[in-house]
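Colleague: return a 3D structure for these sequence lines:
(one chain, ligands or ions: 1)
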Amino acid sequence: MNDDHDYPKPTLFIAGVWRAAGDGATIPVVDPATGATIADLPVATQGDLDEALAAADAGFKIWRAVSAYDRARVLRRAADLLRERASQIGAISTREQGKPISESTAEAFACADIFDWYAEEARRAYGRIVPSKHPGVRHLVTKEPIGPVAAFSPWNFPTTIPSRKLAAALAAGCSVIIKPAEETPGSALALARALDDAGLPKGVLNVVFGVPPDISSYLIASPVIRKITFTGSTAVGKQLGVLAARVMKPTTMELGGHAPVIVFADADLDRAVPMLAAGKYRNAGQICIAPTRFYLHESIHDAFVEKFAAAAARLRLGNGLDPATTMGPLANPRRLSAMHDMVAEAAATGARVVTGGDATGGAGNFWQPTVLADVPNAARIMNEEPFGPVAVTQRFDRFDDVVAQANRLPYGLAAYAWTRSARTAADIGDVIEAGMVGINFVGLTGPETPFGGVKESGHGSEGGSEGLDAYLHHKYIAQG
Ligand code: NAD
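Modeller: Numbers count the residues shown, from 1 in each chain. Below is the predicted model of the structure:
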């Protein structure tokens with residue numbers, strides 16, 4: 001039994017009870033900065049999942065009957081508790097995920113903003129009255145909560161990604177069973193604790209962990225579940241999409257990305273480089289909207305690379321709990337071996353390693369902030385999401401050519417462009433195939449704006465009024 005006093009003991013949360021798995025089975029939770037096991041995580045049995053389904057079914061009947069006004073009060077109270085607890089929650093996230101404590105604490109505060117925003121939006125699920133051609137008949141279009149939700153969230157933003165799903169689903173009046181990533185259980189449990197303390201009725205939210213494909217296939221097939229939401233890789237998203245299609249259930253899929261960054265000849269490099277370097281290396285690059293493929297106009301390519309590599313080399317790697325750390329370890333050993341494979345293959349294919357390019361060695365999953373210049377399209381890293389602290393560059397000359405390169409991949413999540421020209425900004429915004437476009441800006445995440453992709457980056461939006469709509473269905477009532 002592991003017993004690390006700085007890290008809360010993880011449990012399942014079913015029908016309002018914080019408890020172990022039915023058969024007592026556990027898997028280890030590992031600190032990515034040290035490699036040490038910090039806790040034992042319960043692995044839900046099928047019996048536990050049945051209890052969670054029964055609780056979500058009963059919880060839905062209770063919660064949908066609560067007015068939007070009163071649902072909002074619970075969510076706002078949870079938001080206040082998250083703000084009060086932000087530094088403790090930040091420390092939990094850093095222990096299990098690795099990111100610098102400043103990033104994880106800011107993330108906990110961002111969760112509070114998400115809950116506050118959806119508390120307000122809960123009260124704006126307006127329907128409409130459509131004029132009828134039949135005298136005395138009213139056509140009403142109302143919005144109803146879609147039903148119990150099965151949510152699957154990853155480890156890279158262990159509090160904000162679950163928050164986007166929970167806040168919107170609960171605001172809409174749905175109950176939820178969430179399976180957060182097994183790597184980062186403490187962060188999601190801290191959210192559940194805040195909601196429980198805020199007065200969310202028992203059973204409305206249930207948290208389970210275990211073997212991901214076993215849990216997702218069981219929950220998706222259950223007649224109790226009416227909606228599936230997943231954030232993670234495109235490969236897993238497709239598997240869950242097939243399972244959902246078999247039982248005709250709607251999905252929101254927030255999947256992988258490989259964001260192009262187009263820097264035109266007239267860009268303000270003094271503004272672009274620090275913003276893009278911060279966007280690239282935040283969370284050690286493990287962000288689906290991280291700027292990744294840098295298409296640099298040939299007149300500024302070398303100057304940009306020099307400044308950008310200098311910014312990368314200034315980052316201070318270390319344990320995220322050390323306040324001086326500006327980049328932590330990768331979240332798990334899988335990412336470290338992915339970096340090894342992709343960077344070595346790119347170098348062998350002709351890329352130039354400008355800075356970084358290797359693990360730091362020693363304990364923990366530390367990979368140096370890396371810049372690879374002039375990477376050919378044949379390299380794997382130009383085609384597969386690196387999900388790590390690596391920027392890759394190519395040169396371009398003509399607008400149409402760079403657009404073709406940027407749109408070349410099946411991904412379509414985020415894209416970025418830098419220019420001082422209003423014409424170029426408007427043109428690039430129109431032609432880029434992405435769900436989100438940052439022009440002279442990288443901050444694309446906010447509770448009030450839609451977040452989602454096109455092509456194989458998924459479908460549906462989280463955030464904004466679109467995020468609430470994902471948990472509502474439209475009902476037409478003709479009243480004569
Ligand atoms: P992965 O695809 O195995 O897992 C991603 C997440 O999905 C994890 O949290 C995992 O627990 C969950 N998961 C895996 N299989 C599942 C299943 N059958 N049912 C339900 N949940 C399941 O990948 P990984 O090794 O953890 O991460 C690497 C890749 O995942 C990255 O290259 C990146 O493309 C993607 N990823 C994307 C995001 C995002 O924000 N879109 C977040 C994390 C990971």
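Colleague: ok but residue 266 is inside a helix, no?
Modeller: No - counting by DSSP: H, G, I helix; E, B strand; the rest coil, residue 266 falls outside a helix, being coil.
Colleague: what does the protein put close to the ligand?
Modeller: 152, 154-156, 181-182, 212-213, 216, 231-233, 235-236, 239-240, 254-256, 288, 334, 385, 387 (CB under 6 Å from any ligand atom). Quick note: C-beta positions are derived from backbone N, CA and C, even for glycine.
Colleague: can you list the domain ranges for this protein.
Modeller: The domain map for the chain lists 12-255+457-479, 259-446, with the assignment taken from automatic domain parsing.
Colleague: could I get the ones you listed as TSV with mean pLDDT and mean neighbour count?
Modeller: Listed next are those as TSV, based on pLDDT from 0 to 100; neighbours: other CB atoms under 10 Å:
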stretch	mean pLDDT	mean neighbour count
domain 12-255+457-479	98	20
domain 259-446	98	19
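Colleague: could I get the ones you listed as JSON lines with distance to residue 6?
Modeller: Conversion of those to JSON lines gives the following (distance: least, CB to CB, whole Å):
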{"stretch": "domain 12-255+457-479", "distance to residue 6": "7"}
{"stretch": "domain 259-446", "distance to residue 6": "9"}
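Colleague: tell me which residues touch the residue nearest to the spatial centre of the chain, please.
Modeller: The centre of the chain sits closest to residue 161, judged by CA atoms, centre = their mean, with a distance of 4.4 Å. If you count contacts by CB atoms under 8 Å, 6 or more residues apart in numbering, residue 161 has them with 153, 154, 231, 254.
Colleague: repeat that for 6 Å
Modeller: 153, 231 (CB atoms under 6 Å, 6 or more residues apart in numbering).
Colleague: sec struct for it, please.
Modeller: Per three-state DSSP, residue 161 ends up helix.
Colleague: please determine how far it is located from residue 287.
Modeller: 11 Å (CB to CB, to the nearest Å).
Colleague: same thing with residue 224?
Modeller: 33 Å.
Colleague: among the residues of the chain next to the ligand, name the ones in strands.
Modeller: 152, 231, 254 (DSSP state E).
Colleague: out of those, flag the one nearest to residue 57.
Modeller: Taking CB to CB as the measure, residue 57 lies nearest residue 152 of those, at 19.0 Å.
Colleague: dump the residue contacts of the closest one.
Modeller: Contacts of residue 152 by CB under 6 Å, 6+ apart are 179, 230.
Colleague: what about 7 Å?
Modeller: 179, 216, 230, 232 (CB atoms under 7 Å, 6 or more residues apart in numbering).
Colleague: now residue 460
Modeller: With CB under 7 Å, 6+ apart, residue 460 has these contacts: 252, 253, 452, 470.
Colleague: so what's it closest to, chain neighbours aside?
Modeller: Leaving aside its sequence neighbours, residue 460 sits nearest to residue 252 (CB to CB, 6 or more residues apart in numbering; 3.5 Å).
Colleague: now do the SS call for that neighbour.
Modeller: Under three-state DSSP, residue 252 comes out as strand.
Colleague: swap in residue 324?
Modeller: Going by three-state DSSP: residue 324 is coil.
Colleague: surely it and residue 317 touch.
Modeller: No - judged on CB atoms under 7 Å, residue 324 makes no contact with residue 317 at a distance of 10.4 Å.
Colleague: doesn't residue 471 make contact with the residue nearest to residue 460?
Modeller: No - in this structure residue 252 lies outside contact range of residue 471 using CB under 7 Å: 8.8 Å.
Colleague: could you verify that residue 261 is part of a strand?
Modeller: Yes - assignment of residue 261 by three-state DSSP places it within a strand.
Colleague: phi, psi for the residue in the stretch 301-450 of the chain that the ligand sits nearest to please.
Modeller: Relative to the ligand, the nearest point of the stretch 301-450 of the chain is residue 387 (3.7 Å; CB to the nearest ligand atom). Main-chain torsions, residue 387, degrees, to the nearest 10: phi 50, psi 50.
Colleague: quick revisit: farthest-apart pair in the contacts of residue 460, please.
Modeller: Farthest pair in the contacts of residue 460, by CB to CB: 253 and 470, 10.7 Å.
Colleague: so for residue 17, what's the nearest residue that isn't a sequence neighbour?
Modeller: Nearest to residue 17 is residue 202, by CB to CB, 6+ apart, at 7.9 Å.
Colleague: next: residue 60.
Modeller: Closest to residue 60 by CB to CB, 6+ apart is residue 175, at 4.1 Å.
Colleague: can you pull the contacts of that neighbour?
Modeller: Counted by CB under 7 Å, 6+ apart, residue 175 has contacts 56, 59, 60, 63, 148, 203, 204.
Colleague: try it again at 6 Å.
Modeller: 56, 59, 60, 63, 148, 204.
Colleague: using PDB, write down the CA coordinates of the host helix or strand of the third one.
Modeller: Think residue 60. Element membership for residue 60 (DSSP states H and E) is helix 46-64. In PDB, the C-alpha atoms belonging to helix 46-64 read as follows (Å, rounded to 0.1, in the frame of the first residue of the first chain):
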ATOM      1  CA  GLN A  46     -18.500  -4.400 -13.600                       C
ATOM      2  CA  GLY A  47     -20.600  -4.300 -10.400                       C
ATOM      3  CA  ASP A  48     -19.200  -0.900  -9.600                       C
ATOM      4  CA  LEU A  49     -20.200   0.300 -13.100                       C
ATOM      5  CA  ASP A  50     -23.700  -1.100 -12.700                       C
ATOM      6  CA  GLU A  51     -24.000   0.900  -9.400                       C
ATOM      7  CA  ALA A  52     -22.700   4.000 -11.200                       C
ATOM      8  CA  LEU A  53     -25.300   3.500 -14.000                       C
ATOM      9  CA  ALA A  54     -28.100   3.000 -11.500                       C
ATOM     10  CA  ALA A  55     -27.000   6.200  -9.600                       C
ATOM     11  CA  ALA A  56     -26.800   8.200 -12.800                       C
ATOM     12  CA  ASP A  57     -30.200   7.000 -13.900                       C
ATOM     13  CA  ALA A  58     -31.800   8.000 -10.500                       C
ATOM     14  CA  GLY A  59     -29.600  11.200 -10.400                       C
ATOM     15  CA  PHE A  60     -30.900  12.300 -13.700                       C
ATOM     16  CA  LYS A  61     -34.500  12.100 -12.600                       C
ATOM     17  CA  ILE A  62     -33.700  14.300  -9.600                       C
ATOM     18  CA  TRP A  63     -31.400  16.800 -11.300                       C
ATOM     19  CA  ARG A  64     -33.600  17.500 -14.400                       C
END
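Colleague: show me what it is packed against.
Modeller: With contacts taken as 3 or more CB pairs under 6 Å, 6 or more residues apart in numbering; DSSP states H and E, helix 46-64 sits against strand 12-14, strand 205-207.
Colleague: list the contacts of that helix.
Modeller: Counting by CB under 6 Å, 6+ apart, 14-15, 21-22, 145, 148, 173, 175, 177, 201, 203-204, 206, 208, 218, 222, 224 sit against helix 46-64.
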